[in-house]
Structure formats: structure tokens, C-alpha cells
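Asks: Sequence isn't available, so here's the structure alone:
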């Protein structure tokens, strides 16, 4: 398959901060420079770019061109991608396909947002003003409150299990110098249980904190990487994506998500089973999203997520290392670039550059995305990507 | 047990409707609930869209319904932006209408003790400044 012929040859990440004093383009320039330094590529060799949208630039219909202009990139392939937290994984796949199709050879996948310090939501054309805003719906926390309440009704919910995930991720953030400093303090399950309610039963420590930052990847052909002697590579060997799962139904089971079909596709392409996964880097806007993804991806049956969590060790030395940089909940959520936080951490682990939080098995890594909050459902887009080191 | 605000004192701006949702909002002037109905698939849908969620066809009908149903899920909003800020905590609910669609709303005349998934509900219409009404729900006792 063509996707297998592409390779991620470099990753870069800024420090995640509560509010950036630097403009979004300055963060992007840091990512570009870091990727060039690391891989030995020159700017002029980058002939493709895919950038995630940003809350900062919301309303700018010329976003990818604006970025290309600011970074002075001359491109044969230029686009932005707008499926929320699925965008980074989706960008890698689209870059791979563009390279395989001969449109370009080396693609900068660039994810940056400064929504905490500079957000411009100019009249979004969506369902929100007409059908959700009149009810005081605060978006994601309310959506996950509704989802959690329904999950508890259908299967029961053990909040100490969710707390265990929160504690594990926080422990990883403590080991990650790029995580937001405010979040780099250990917590206990009791801290989790006692944290204040935001949208019952969603607690503060279930939730992400809005931050600023950027990250990115350089994708080229595997042959191109070999020619340049770039030995550290991460190759997408399986990918699935589903937007608007069960679109034609008016009442859907909110505990079942598009990760079910997306995961089946990704695992089949990779020829792997959940038990083969060496480390797991799920998109984590809320703790319960991690548990639901464990169920949807086949680590355990639907409704058995809490038992699975209690039976496994998700620390970087455990049997299923999970979000080893702290994820978004303990690292900070950098707006529409946030899916890149989980993705870049997976690549870092495959490169064996995890430092104090390096996992033992670098054979593969599983990364996911979640994007967009719809009406009366769970989320708009689900993405699942399996990466192998130097496949 | 915490007291839940019914949000009736929130000064909501009337939402702007779309070309294809105007009929819904017009009917709310008379406290009538219209749902879109797709005769081809024999299904209702909500929120209003420009086409059927089953077939993609724009040939949809409006049908008046009683608005009775049951709580599908609920959350208690403890934080809110204006104009809801200061009115927390309040319920945000998803109601499965008897026609098989889920509708988001706030809840009135309902304590935390009364609230549960499966609770039968009926409409409560909250007046908006332009003469339309906002669909909310109350227990159907």
C-alpha cells in the first residue's frame, strides 16, 4: 500500500504554555527550524505543506497560504486540514498519499494554535448559535457530561478507574519538560475524585486546560529518507478515519464511536491486534474518551473499560504505556493543534528519544484523534493510526 | 442536594434561523413543535437540515408533534458563559422524543432528585423577545 512507502523523518514540538507571548507564526517558525536542523533538509526542499487550522486564525479562509507566505515556503502542494483533533494524524496520511501520487516529495505537517492568548471566533457557520447556545451549552464539557451520564446508565462507571488514568498521565507530564508547567505536579486518585464538577459527572481533572503551542512532522518517501541516511523513521502502516458515524440515525448510542470502524480498518491494514500494541497515544480531551477508545479499539469489550483500566499498568514502564508525555489533559491542550501532541509523542517513542519516560518496546505505536462536537452525539471525527519504527 | 436553576431568568438572544429552519421557529410563536419528516424513509429528524439525513433528498415535510418523550441523558452545567453565567447550576438534557429523535434543551420544574434517565417529559415553551419561543422540557407527571 502506498501509505507504507512514506516515512516520518523528523518531529518537533514547542514548550506548551498557558498563554504564549509569541505569535502563532513565530511558533511555526520554531517548528520549521527545528525540523530542518534535525533532518538536514533545507527549506527549499520542502515542496508540500499541510497545516491544521487554528482558533487564532478562525475565519481566515486563506490560512495555509498565509502560513506559506509567513514561512516563505514555495510549494507544489499546500492545504489546511479542518477535522479538529484528527487533523494531525490525517495530515500524515494525506502527505503520504500526495507523495505517492507524485504531487510533491517532502511535506511539512505543521500544527500550531495560540487560542489561549489570541482566539478569533468570527461567526462560525455551524449549528451552535441556533441549537446549542440558547441552552447554555458550553461545548465539550457538556457533551462529555451527557456522554458520561449515559455511559454510567448503560454500563456503570467506576470513577476510581478514570482517576487512575488521570494520575498516570500526570506522572508522565512530570517527566516531560515540554508539558505546561502548571500541570507538572503529581496528583492522587483522591485529588481527581475531589476536583470540582464542571458538567456532572465531568470534573476539573477530567478536562483539558486551554494552552498555546505548536508541533510538527516532516514526511517524505521511505526511499528518499534512505538516500539521505535518515535511519530513524516512523512509518504509517495502518490508518482509519470516520466522520459523522451513524450520520443517518437520529438517536445514536453515544458510547459507541467512529473509532470502531476506523480501528478495524487500521488494525487490518497493519496486520496487528490490540495485544500487539507497544504504546498507546489516544487523543485525550476528557479522561472518559480514553476509556471509550480502549473499548472501541478492541482492547476490551464495550462496557468493560473500567475493569481493563484497573487490570493494566499504563505508565511508561507498564504493560500498555499510554500518553507517555502526559497527553493533553496533563500536558495542556494547544487548540486545534492538540492532536499533534499525542502524535509527536508516539514518534518520539519510536525514535527511542523518550528520555526519562522512554518505553521499552518501540516496535509500534497506536495514535488516535477525536475532532468536533456534534449535536446529541459523541464526536464528529475519529482517527486511528498505527506507526511502526523503520518498517 | 443542590438547587438547580430553571434558567427562565436568563436573557437569551433569539437565535437567527436558516432558510430551511424558519418554519420551525415560526411555529414556536404559537408554541407548536414541528419536526422534519422524510416520507421516503418514514423517519423524523432534528435539528432541521436542508436535506434528509437518510436519503439526502430535500423533499422533507414538517409535521407537528406533541413533544413528549424521555430523558436520554443529562448534565449539570456548573460553569457557563454569558448570558448563562451566574445562573449555574442548570440542567442540559438530551430528550428522545416519541418520534425517535434526540433534542437538546434545558429543564424546568425539575429537581436533582426528580432527574433520571428515562424520566418522561413534555414541552415547556420559554418566551423570547421576538415573539418566538424556545423549546424546553418539564416532567410529564
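Replies: Yep, that arrived. In this text, all values refer to a predicted model and were calculated from it rather than measured experimentally.

Asks: OK, contacts around the closest residue to chain B within chain A?
Replies: Proximity of chain A to chain B (CB to the nearest CB) peaks at residue A:145, 2.9 Å away. Bear in mind the C-beta positions are built from the backbone N, C-alpha and C, glycine included. Residue A:145 makes contacts with A:198, A:199, A:200, A:201, A:202, B:75, B:76, B:77, B:92, as judged by CB atoms under 8 Å, 6 or more residues apart in numbering or on different chains.

Asks: nearest to residue B:30, of those residues?
Replies: Checking the contacts of residue A:145 against residue B:30 by CB to CB gives residue B:92 as the nearest, at 25.7 Å.

Asks: need the contact list for the residue nearest to residue B:127 when sequence neighbours are not counted.
Replies: Among residues not flanking residue B:127 along the chain, residue B:133 sits closest, at 5.6 Å (CB to CB, 6 or more residues apart in numbering or on different chains). Going by CB under 8 Å, 6+ apart, residue B:133 touches B:28, B:29, B:31, B:125, B:126, B:127.

Asks: Out of these, grab the one that's most surrounded.
Replies: residue B:28 (21 neighbours; other CB atoms under 10 Å in any protein chain shown).

Asks: hmm, back to that, which of the contacts of residue A:145 fall within strands?
Replies: Secondary structure from DSSP state E places A:198, A:199, A:202, B:75, B:76, B:77, B:92 of the contacts of residue A:145 in strands.

Asks: can you list those in CSV and add pLDDT and distance to residue A:305?
Replies: Listed next are the ones in strands among the contacts of residue A:145 as CSV, based on pLDDT from 0 to 100; distance: CB to CB, whole Å:
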residue, pLDDT, distance to residue A:305
A:198, 97, 21
A:199, 97, 20
A:202, 98, 16
B:75, 98, 20
B:76, 98, 23
B:77, 97, 25
B:92, 98, 24
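
Asks: Now flag whichever of those is closest to residue A:95.
Replies: After measuring these against residue A:95 - CB to CB - the closest member comes out as residue A:202, at 34.7 Å.

Asks: That closest one reaches residue A:285, doesn't it?
Replies: No: using CB atoms under 8 Å, residue A:202 is not in contact with residue A:285, being 10.5 Å away.

Asks: part of a strand, is residue B:96?
Replies: Yes: Residue B:96: assigned to a strand according to DSSP: H, G, I helix; E, B strand; the rest coil.

Asks: what separates it from chain A, distance-wise?
Replies: For residue B:96, the distance to chain A equals 6 Å [CB to the nearest CB, to the nearest Å].

Asks: Do I have it right that that residue meets residue B:69?
Replies: Yes: the criterion here is CB under 8 Å, and residue B:96 meets it with residue B:69 at 5.2 Å.

Asks: Looking only at neighbour counts, state which of these two leads.
Replies: residue B:69 (24 against 20).

Asks: Leaving out the residues flanking it, which one is nearest to the more buried one?
Replies: residue B:97 (4.0 Å).

Asks: which ones are touching that neighbour?
Replies: So residue B:97 contacts B:35, B:44, B:46, B:65, B:67, B:68, B:69, B:103 (CB under 8 Å, 6+ apart).

Asks: ok, which pair from those is furthest apart?
Replies: Longest span within those, CB to CB: B:46 and B:68, 14.2 Å.

Asks: Among the two, which residue is more densely surrounded?
Replies: A count of neighbours by other CB under 10 Å puts residue B:46 above the other of residue B:46 and residue B:68, at 24 against 16.

Asks: which non-adjacent residue is nearest the more buried one?
Replies: The nearest residue in space to residue B:46 (CB to CB, 6+ apart) is residue B:101, at 4.3 Å.

Asks: What is the burial count for the one you found?
Replies: 22.

Asks: and what of the one 3 residues further on?
Replies: Other residues near residue B:104 number 23, with proximity taken as other CB under 10 Å.

Asks: Could I get the pLDDT score of it?
Replies: Listed pLDDT for residue B:104 reads 98.

Asks: quick one: it and residue A:376 touch, right?
Replies: Yes: with contact defined as CB under 8 Å, residue B:104 reaches residue A:376; the gap is 6.1 Å.

Asks: list residues touching both of the two?
Replies: By CB under 8 Å, 6+ apart, the residues touching both residue B:104 and residue A:376 are residue B:94.

Asks: which non-adjacent residue is nearest whichever residue of chain B sits closest to chain A?
Replies: Proximity to chain A, evaluated over chain B using CB to the nearest CB, is greatest for residue B:75 at 2.9 Å. Nearest residue to residue B:75, sequence neighbours excluded (CB to CB, 6+ apart): residue A:145, at 2.9 Å.

Asks: partner residues bridging residue B:134?
Replies: On the basis of DSSP bridges, residue B:134 is bridged to residue B:126.

Asks: got the contact list for it?
Replies: Counting by CB under 8 Å, 6+ apart, residue B:134 has contacts A:134, B:12, B:28, B:125, B:126, B:127, B:128.

Asks: what's the pLDDT at the first one?
Replies: It refers to residue A:134. Predicted confidence (pLDDT) for residue A:134: 94.

Asks: got it, and the last one?
Replies: Among the per-residue scores, residue B:128 holds a pLDDT of 98.

Asks: How about the fourth one?
Replies: pLDDT for residue B:125: 98.

Asks: Now for it: which residues touch it?
Replies: Counted by CB under 8 Å, 6+ apart, residue B:125 has contacts B:28, B:31, B:133, B:134, B:135, B:136.

Asks: same question, residue A:378
Replies: Here residue A:378 is in contact with A:143, A:147, A:254, A:255, A:257, A:292 (CB under 8 Å, 6+ apart).

Asks: Would you confirm that it belongs to a strand?
Replies: No: counting by three-state DSSP, residue A:378 is located in no strand; its state is coil.

Asks: before we move on, what SS does the closest residue to it other than its chain neighbours have?
Replies: Nearest residue to residue A:378 in three dimensions, chain neighbours excluded: residue A:254, at 4.8 Å (CB to CB, 6+ apart). Here residue A:254 is coil, with the state taken from three-state DSSP.

Asks: distance of residue A:365 from residue B:22?
Replies: Computed as CB to CB, to the nearest Å, the residue A:365 to residue B:22 distance reads 50 Å.

Asks: Give the residue from these two that has the larger number of neighbours.
Replies: residue A:365 (28 against 11).

Asks: Listing partners with orientation, what would you give for the host helix or strand of the more buried one?
Replies: Per DSSP states H and E: residue A:365 is located in strand A:364-371. Its sheet considered, strand A:364-371 pairs with strand A:280-281 (parallel), strand A:381-389 (antiparallel) by DSSP bridges.

Asks: Quick check: mean pLDDT of that strand?
Replies: Here the average pLDDT along strand A:364-371 is 98.

Asks: where along the stretch 201-350 of chain A do the strands fall?
Replies: A:202-203, A:213-221, A:234-243, A:280-281 (DSSP state E, counting those that start in this stretch).

Asks: Ok, chain B next?
Replies: Using DSSP E, strands in chain B cover B:33-38, B:43-45, B:61-65, B:69-77, B:90-97, B:102-106, B:120-127, B:133-139.

Asks: Up against chain B, what does the stretch 151-300 of chain A have?
Replies: Contact residues (CB under 8 Å from any CB of the partner chain) of the stretch 151-300 of chain A with chain B: A:153, A:196-202, A:247-252, A:254.

Asks: And the residues you listed, which two are furthest apart?
Replies: A:196 and A:248 (38.8 Å).
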